[in-house]
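Undergrad: the following comprises the amino acid sequence and a computationally predicted model.
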Amino acid sequence: MPVLKVDLQEGFTGETVVLRLNGDEVYRGAPKTRMQIGLAVSKSFDLPPQHLELEVTTPLSGASESLELDLFQDSFVKVNLLPDGKIDLKAVKEEDLRYI
């Protein structure tokens, strides 16, 4: 079964963050980036192969961003909260993981 790994990385300071997969809430928390490692929270989801939509929102600011993925092999997504409050989502290929 493929794994979707979502890393909330830079810019998180304790605001509420919600992750949804195909509209279903799978995480709600108040992550804070640990500056030493550049990571706030890492979440993994074992899911059957499928086409899915990952949505990340910060309800207080109203920022929201989504990404469509074909989950037929392990997939990795990095999420950063930019200084202007926007959310940056990027799917990362497995061979590029050593650079994040």
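TA: That came through, no problem. Numbers count the residues shown, from 1 in each chain.
Undergrad: isn't Leu54 up against Val18?
TA: No - with contacts counted by CB atoms under 8 Å, Leu54 stays clear of Val18, the gap being 11.3 Å. Just so you know, the C-beta spots here come from the backbone N, C-alpha and C atoms, and that holds for glycine as well.
Undergrad: count of residues packed around Ala30?
TA: A count of neighbours around Ala30, defined by other CB atoms under 10 Å, yields 12.
Undergrad: try Pro59
TA: 12.
Undergrad: chain neighbours aside, what residue packs nearest to it?
TA: Spatially, and ignoring its direct neighbours in sequence, Pro59 is nearest to Thr16 (5.5 Å; CB to CB, 6 or more residues apart in numbering).
Undergrad: quick check: which element contains Glu53?
TA: Assessed by DSSP states H and E, Glu53 sits inside strand 50-58.
Undergrad: what sits up against the helix or strand that that strand is followed by?
TA: Remark: after strand 50-58, the chain's next helix or strand is strand 63-71, criterion DSSP H and E. Contact with strand 63-71 is made by 2, 4, 47, 49-58, 75, 77, 81, 85-89, 91, as judged by CB atoms under 8 Å, 6 or more residues apart in numbering.
Undergrad: whatever helix or strand comes next after strand 63-71 to strand 63-71, inter-axis angle?
TA: Downstream of strand 63-71, the first helix or strand assigned by DSSP H and E is strand 75-81. Following axes from the mean of the first three to the mean of the last three CA atoms, to 10 degrees, one obtains 170 degrees for the angle between strand 75-81 and strand 63-71.
Undergrad: in the helix or strand just after strand 75-81, what counts as buried?
TA: The helix or strand immediately downstream of strand 75-81 is strand 87-92, counting by DSSP H and E. Buried positions in strand 87-92, judged by neighbour count with 16 or more other CB atoms under 10 Å: Ile87.
Undergrad: same check on stretch 55-73?
TA: Applying 16+ other CB under 10 Å to stretch 55-73 flags Glu55, Val56, Thr57, Thr58, Ala63, Leu67, Leu69, Leu71 as buried.
Undergrad: ok, so of these, who is nearest Leu8?
TA: Val56 (8.1 Å; CB to CB).
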